[in-house]
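**Student:** Okay, sequence plus prediction incoming.
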Amino acid sequence: MSEKRYFAALNKLARALGIDSEKLKRSYPNPESGKRLVYSLRGVFSSNEVNAALLEIEAAVGWVETSRFHVRRLADYRDHR
């Protein structure tokens, strides 16, 4: 579990949601709290950018293995913005 990777994904999520990344970091200061964030936001937004950021957070906290399937899924989100 990489905190650097987690915070990079959290920054992307903040940009996608249009909110202050520092406030988001204070609210979810570690990867364990990021799991709660992903759980609560999964399926709520239809934005590809938001869903791509959530997928990156999932990978950073160790919920998913970054496999070819997930990389392809992430690329699909980015391509359809």
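**Tutor:** The structure has been received and is ready for your questions.

**Student:** which SSE is the most centrally placed residue in the chain in?
**Tutor:** Closest to where the C-alpha atoms of the chain average out (Cα atoms, centre = their mean) is L54, at 2.6 Å. Applying DSSP states H and E as the criterion places L54 in helix 48-60.

**Student:** Who are the packing partners of that helix?
**Tutor:** When contacts are defined as 3 or more Cβ pairs under 8 Å, 6 or more residues apart in numbering; DSSP states H and E, helix 48-60 packs onto helix 3-17, helix 31-41, helix 68-79. The C-beta positions use only the backbone N, C-alpha and C, and glycine is treated the same way.

**Student:** in that helix, what's buried?
**Tutor:** 48-60 (16 or more other Cβ atoms under 10 Å).

**Student:** Put the alpha carbons of it into PDB.
**Tutor:** In PDB, the C-alpha atoms belonging to helix 48-60 read as follows (Å, rounded to 0.1, in the frame of the first residue of the first chain):
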ATOM      1  CA  ASN A  48     -15.700   8.900 -15.900                       C
ATOM      2  CA  GLU A  49     -13.100  11.100 -14.300                       C
ATOM      3  CA  VAL A  50     -14.500  10.500 -10.800                       C
ATOM      4  CA  ASN A  51     -14.800   6.800 -11.300                       C
ATOM      5  CA  ALA A  52     -11.200   6.600 -12.700                       C
ATOM      6  CA  ALA A  53      -9.900   8.400  -9.600                       C
ATOM      7  CA  LEU A  54     -11.900   6.000  -7.400                       C
ATOM      8  CA  LEU A  55     -10.400   3.000  -9.200                       C
ATOM      9  CA  GLU A  56      -6.900   4.400  -8.600                       C
ATOM     10  CA  ILE A  57      -7.700   4.800  -4.900                       C
ATOM     11  CA  GLU A  58      -8.900   1.200  -4.800                       C
ATOM     12  CA  ALA A  59      -5.600   0.100  -6.400                       C
ATOM     13  CA  ALA A  60      -3.600   2.300  -4.000                       C
END
